[in-house]
Every structure is written in structure tokens, then in C-alpha cells.
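> have a look; sequence and predicted model below, questions after that.
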Amino acid sequence: MTAGMNAVPIPFTSGDYAARMARLVDDALEAGLDGVIVTPGPDLVWLTGYRPTAMTERLTMLLVAPHTHPTLLVPILERPDAEAADGATAVGIADWTDGTDPYEAASRLLRPDGRFGISDSAWAMHLLGLQAALPDTRFASLSHSLPMMRALKDDNELGRLAAAGAAADATYAEILKVRFAGRRETDVAADLARLLREFGHEQVDFTVVGSGPNGANPHHEAGDRVIEHGDAVVLDFGGLMHGYGSDTTRTVCVGEPSAEVLEVHEIVRQAQQAAFEAVRPGVTCQEIDRVARAVITEAGYGEQFIHRTGHGIGVTTHEPPYMVEGEERLLQPRMCFSIEPGIYLKGRFGVRIEDIVTVTDDGGARFNNTDHALQIVE
């Protein structure tokens, strides 16, 4: 698949899903697990292509374990949808009926004294139900036992991420043409959502528009504040395209920026660039955070950089690996993650710059390539 946003992705095949589950078995064995339980959420989509039509209280789970064929347990009323999933032929499908005990049905699939990884999206009621049915079985969060399960992307996945990044870039290029002054944050957020869809996104996950003092809140949700002349405005937006995520941030200024906004923006730009230049195989994830943080701290704004430098991305916009202090995992080729340092001056303004990058054999490559310079909007 090419990296262009208009390229049609190569469909994932049953063989692709089978290969992912085979890799999962190998990883589980290495981690000392007897198998992996996957409930509805991004892990299940990645492994089978199955996304239940509704997240209900009815137990749905995939069991992947050594020396057994992967089995997807579903409520009988949802069996037709499960059988229609892209990866359905790579799994066996079992079902249970309303009025019967789903945990008893699940217990027949599991080793009664085993240790299983379980996806983080599992409902507590389901985990408690499994524990009651299998009191000698132990469970471990996948984010701790197999955190890198989806981290290394294949060529098809990289192409989808590149296409999503190009669509986000095209969205940014167009949003620079709209009027900001005198309009509400929600108006600009609606423009961002419309443009993401126009450029190919099937799902819009977030459109942060933080103007003036609202920009000092990294996760500000667009509100009714009217954007004013002189405001710095943080634009952070993304979603899913061909099932894979986009996520980019740029900070613009409505009219001529103050000297302070220019200074802070340049510091963040330098921090983002320094962190990108540090990307290469064998570097720890925490080193990317340290490099960005060092630039900002040296400039005197260390206490105003209040979040990690980055997060992984794939079938969801936040997943391992995380670029944060304490994460000593080594970067490997085909890992994909954000680099998004920021400075937030409470009650005044904020600045953040974010690109999605991937680790190459000898460095890194960006999936977002719009200008990092502070852009002036009307």
C-alpha cells in the first residue's frame, strides 16, 4: 500500500489475523502465560477484525493459547456477526445462550489452574465472573504482561497510518484558511471534524480547540469561548482512517503573536525537533521524553510541561509504547508513536506541537509533515 491518503488499503486477510495470533502465542509463552483472553476492544479488532455491534453486558471473549485452535466465545444472537468478521475463518466460534451461565461456558475453554493475560478493556464483572468460575486461575493485565502486542506494525499497518497522517495534514492546511476571530471554539472544532471526514476519516475521535487561556489545559474540550484577536490557539485533532489512527497538534495565533508567544512556541518547536532527532532503534522510550524535557527545562519552563512526551498509536489513538520517564523499553523498527511536548501557562495560553513518527532501521520518519512554524490565522 502506498502512503498517499487516497490509496485504497490492502484488506487484511485471514492469514494476517492467523499470523498475529500465532505471534501472540509465542509472546505469551515467553511471558510465562498459559494463554490470552481478549474481550471487545482494540485488541480483539486487531486479532480478528471483529468489532461487536454493541458493547453489552453479555460476555464475548477470544481465547488464544498454545496447542489449541483460537476460539471466539460469543452470545448466540451475535454469532452471525462474528462469523462475518474478516478474520473469522482463523478462529473457531463457540456460543452461549441467554439464561445459561456464560462463565461456565468460558471455563470449559480455560485451564483451571492456569495464568492468563486478559485485555485491559475487559469489564470488571466479566473478570470477577471468570474468577468465581475458576478460583485457581490467575489473570494478568495485557498492558503489563504483553504491552508490545500491537506495537510493531507490518507494511499494511504502516501504510494506513501514513494515509491517516496525510489526511490530518490536509485537514490542517485547510483549517488555516478559515476565520478564527469572533467565532466560538466549537465552530472551529466542527470545521476540523468535517475536514477530517472529507479527507477520508471514517471516525473523528477528538477536536481540541484551546484558545487563549483554554490552551493551557492540554485536554481542553472545545467550548463556547469566542476566539479573540491575539489568542494563541492549540489545535489537536485526529481519529481513524482505514481503521488506523491519526493524531496531530499545531498551535496557531490569531493575528500577530506577542513576543512571549513567539518565544514559547520556538522552545516547544526545538524540543519536538530534538526528540525526533533522538529516535532510533535501541534508544529507550524514556530517553525521548528526557530529550524533549531537557530543552524545555533549560529554557525555564520545566514545571509547565505537565504530561508525557508521547504515546503509541495504531487501531486506537493511545496504546503502548509510551514516551515517559521510567519506560526503559527499547525502541524497535516499526514502532509508531507521538512526539508532543508542550508548555502550558495557566490562565494565559498554551503551546503544543505533535507529530506521529515511526522508528526506521536507522532513525525515525514522520507521518505528519506540515510546517512547525507558528502560523498566523485571521
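Now that the structure is in, tell me what you want to look at.
> so L62: helix, strand or coil?
strand (DSSP: H, G, I helix; E, B strand; the rest coil).
> quick one: the strands in the stretch 251-378 of the chain?
In the stretch 251-378 of the chain, the strands defined using DSSP state E, counting those that start in this stretch lie at 310-312, 319-323, 336-339, 342-345, 349-352, 355-359, 364-366, 375-377.
> looking at those strands, which is closest to A190?
strand 375-377 (16.1 Å; Cβ to Cβ). Where C-beta positions appear, they are placed from N, C-alpha and C, glycine not excepted.
> mind giving me the packing neighbours of the closest one?
Under the contact definition 3 or more Cβ pairs under 8 Å, 6 or more residues apart in numbering; DSSP states H and E, strand 375-377 sits against strand 248-254.
> what's the angle from the strand it packs on to strand 355-359?
Inter-element angle recorded for strand 248-254 and strand 355-359: 150 degrees (by axes from the mean of the first three to the mean of the last three Cα atoms, to 10 degrees).
> distance to V74 for the strands of the stretch 251-378 of the chain - can I get that in a markdown table?
Formatted as a markdown table, the strands of the stretch 251-378 of the chain follow (distance: least, Cβ to Cβ, whole Å):
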| stretch | distance to V74 |
| --- | --- |
| strand 310-312 | 28 |
| strand 319-323 | 24 |
| strand 336-339 | 31 |
| strand 342-345 | 43 |
| strand 349-352 | 41 |
| strand 355-359 | 34 |
| strand 364-366 | 39 |
| strand 375-377 | 49 |
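> could you dump those strands to CSV with mean neighbour count?
Shown next, in CSV, are those (neighbours: other Cβ atoms under 10 Å):
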stretch, mean neighbour count
strand 310-312, 24
strand 319-323, 23
strand 336-339, 27
strand 342-345, 23
strand 349-352, 27
strand 355-359, 25
strand 364-366, 19
strand 375-377, 16
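> make TSV out of the ones you listed and add distance to E266 and mean pLDDT.
Formatted as TSV, the strands of the stretch 251-378 of the chain follow (distance: least, Cβ to Cβ, whole Å; pLDDT from 0 to 100):
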stretch	distance to E266	mean pLDDT
strand 310-312	20	98
strand 319-323	21	95
strand 336-339	17	98
strand 342-345	11	98
strand 349-352	9	98
strand 355-359	17	98
strand 364-366	19	98
strand 375-377	14	98
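> tell me the helices and strands packed up against the helix or strand hosting R20.
Using DSSP states H and E, R20 falls within helix 14-30. Contact here means 3+ Cβ pairs under 8 Å, 6+ apart; on that basis helix 14-30 packs against strand 35-38, helix 42-48, strand 61-64.
> which one, of the strands of the stretch 251-378 of the chain, ends up nearest to P135?
strand 319-323 (30.3 Å).
> from the contact counts, what lies against that closest one?
helix 285-298, strand 310-312, strand 336-339.
> could you pull out the helices for the chain?
For the chain, the helices defined by DSSP state H cover 14-30, 42-48, 79-83, 102-107, 124-133, 142-145, 155-175, 185-198, 259-277, 285-298.
> and for the protein, the residue most distant from the center?
In the chain, the residue that sits farthest from the middle, by Cα atoms, centre = their mean, is G99; the gap is 37.0 Å.
> and E260, which of the helices and strands packed on strand 319-323 is closest to it?
Here helix 285-298 is closest among the helices and strands packed on strand 319-323 (Cβ to Cβ), at 14.9 Å.
> returning to what we had before: and the helices and strands packed on helix 14-30: which comes nearest A105?
Closest of those to A105 is strand 61-64, at 9.9 Å (criterion: Cβ to Cβ).
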